[in-house]
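**Q** Provided below are the primary sequence and the corresponding predicted coordinates.
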Amino acid sequence: MKAIVTVGLKPGVLDVQGKAVAGALKELGFADVEDARVGKRIEITLDDALDRETAEAQVKDMCEKLLANTVIESYRVEIAG
């Protein structure tokens, strides 16, 4: 079973990397770009014997303890397979 975690800055938190990406895209001629936000994606392989509920609970616990800084970041968990 695979868990996919997407982590990004919460709305209102300044995203310096996102601003740099948006600026570079505009300089490359993509004039319609208004903003960009940069985040991270983490893929975790879990034991297939886990049920989906337990797997999701464990991954959320992982996010709270290590994978996301919940003061400034939000996360989304997707369980695949």
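**A** Arrived safely.

**Q** got a list of what the residue of the chain most remote from its centre touches?
**A** Relative to the mean C-alpha coordinate of the chain, counting by Cα atoms, centre = their mean, the farthest residue is residue 29 (27.3 Å). For residue 29, no residue meets the contact criterion (Cβ atoms under 8 Å, 6 or more residues apart in numbering). C-beta coordinates here come from the backbone N, C-alpha and C atoms, glycine included.

**Q** Doesn't residue 75 lie inside a strand?
**A** Yes - when DSSP: H, G, I helix; E, B strand; the rest coil is applied, residue 75 is found to be in a strand.

**Q** Count the neighbours of it for me.
**A** Here the number of neighbours of residue 75 (other Cβ atoms under 10 Å) works out to 20.

**Q** what sits against residue 11?
**A** Taking Cβ under 8 Å, 6+ apart as the test, residue 11 contacts no residue whatsoever.

**Q** how close does it get to residue 68?
**A** For residue 11, the distance to residue 68 (Cβ to Cβ, to the nearest Å) stands at 15 Å.

**Q** Likewise for residue 38?
**A** Residue 38 sits 14 Å away from residue 68, going by Cβ to Cβ.

**Q** Of those two, give the one with the bigger neighbour count.
**A** Set side by side, residue 38 and residue 68 show more neighbours around residue 68, with 22 against 14, by other Cβ under 10 Å.

**Q** my guess is that one contacts residue 76, does it?
**A** No - counting by Cβ atoms under 8 Å, no contact exists between residue 68 and residue 76, whose distance comes to 9.9 Å.

**Q** so what's in contact with these two at the same time?
**A** Where contact means Cβ under 8 Å, 6+ apart, the residues bridging residue 68 and residue 76 through contact with each are residue 5.

**Q** mind checking which helix or strand the residue nearest to residue 77 when sequence neighbours are not counted is in?
**A** Of all residues beyond its chain neighbours, the one nearest residue 77 is residue 59 (5.0 Å), with distances taken as Cβ to Cβ, 6 or more residues apart in numbering. Element membership of residue 59 [criterion: DSSP states H and E] is helix 52-62.
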